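**Student:** Structure for this input, please:
(one chain, ligands or ions: 2)
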Amino acid sequence: MASSIKNLSDFSHIQVADASPFKFAIVVAQWNAEITGALLNGAISGLEKHGAKESNIQVIEVPGSFELISGADLTLRDHSFDAVICLGCVIQGETRHFDFICNAVANGISNVGLKYNKPAIFGVLTTDNVQQALDRAGGKHGNKGEEAAITAIQMAAIAKKF
Ligand SMILES: Nc1c(NC[C@H](O)[C@H](O)[C@H](O)CO)[nH]c(=O)[nH]c1=O
Ligand SMILES: CC(=O)[C@@H](O)COP(=O)(O)O
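**Tutor:** Ligands and ions are numbered 1, 2, ... in the order given. As a prediction, the model looks like this:
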């Protein structure tokens, strides 16, 4: 299992692009707010660490991870954004609802990116329990929000070349 051997947010092996030219939307789910708040902090920190201007980062809150799809679509209708980062935390409950949410959100966010031809980054934790989520929201396995921010910067820089 990858996470058992390393901090998943270690980007020391890559050259991260300059984020200062780009405008980012961050759509964040309110479900599991303690976790998603930590993901948001990681994402903002990751963007600003690589030069993104505070004025070029817009945060939009939605109720749950399923609504990240609509939130991403609404933000990318504003063509001024270079990328949208979608942050959420889906934790397995007693039923198969988890499976439907996770599959829908992954496919939905992917489709929104293709619809607007803009990077739509999947920064959604899909965990068996709260501890796994805490470990990936600033814990021993890093911060999925920061990972999503770095990915957004890299993809925005790649898109700029086309
Ligand atoms: N159980 C979780 C949810 N469920 C709510 C859905 O995301 C959605 O808001 C609802 O089905 C109405 O459309 N959302 C999470 O983000 N995390 C969960 O663990
Ligand atoms: C992912 C969910 O929606 C889930 O947390 C809801 O819990 P349950 O499956 O017990 O209804």
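**Student:** Leaving out the residues flanking it, which one is nearest to the residue of the chain found nearest ligand 1?
**Tutor:** Closest to ligand 1 within the chain is residue 64: 2.2 Å, counting by CB to the nearest ligand atom. Where C-beta positions appear, they are placed from N, C-alpha and C, glycine not excepted. Closest residue to residue 64 apart from its sequence neighbours, by CB to CB, 6 or more residues apart in numbering: residue 31 at 4.4 Å.
**Student:** quick one, phi psi at the residue of the chain closest to ligand 1?
**Tutor:** Residue 64 has phi and psi values of phi -140, psi 180 when expressed as degrees, to the nearest 10.
**Student:** For ligand 2, what is the nearest residue in this structure?
**Tutor:** residue 93 (2.2 Å).
**Student:** so how far is the longest helix along the chain from its chain's centroid?
**Tutor:** If you go by DSSP state H, the chain has its longest helix at helix 97-116. A distance of 13 Å separates the centroid of the chain from that of helix 97-116, by CA atoms, centre = their mean, to the nearest Å.
**Student:** now do stretch 144-159
**Tutor:** Computed by CA atoms, centre = their mean, the chain-centroid distance of stretch 144-159 equals 9 Å.
**Student:** Need the residues that contact it.
**Tutor:** Here stretch 144-159 makes contact (CB atoms under 8 Å, 6 or more residues apart in numbering) with 8-9, 11, 14, 16-19, 22, 24, 38-47, 50, 52, 82-87, 118-119, 121-125, 136-137.
**Student:** Output it as CSV - backbone C-alpha positions only.
**Tutor:** In CSV, the C-alpha atoms belonging to stretch 144-159 read as follows (Å, rounded to 0.1, in the frame of the first residue of the first chain):
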residue,chain,number,x,y,z
LYS,A,144,-4.5,15.8,0.0
GLY,A,145,-5.5,19.5,-0.3
GLU,A,146,-1.9,20.5,-0.8
GLU,A,147,-1.4,17.6,-3.3
ALA,A,148,-4.5,18.9,-5.2
ALA,A,149,-3.1,22.4,-5.2
ILE,A,150,0.3,21.4,-6.7
THR,A,151,-1.6,19.3,-9.3
ALA,A,152,-3.7,22.3,-10.2
ILE,A,153,-0.6,24.5,-10.7
GLN,A,154,1.1,21.9,-12.8
MET,A,155,-1.9,21.3,-15.0
ALA,A,156,-2.6,25.1,-15.4
ALA,A,157,1.0,25.5,-16.6
ILE,A,158,0.6,22.6,-19.0
ALA,A,159,-2.7,24.0,-20.4
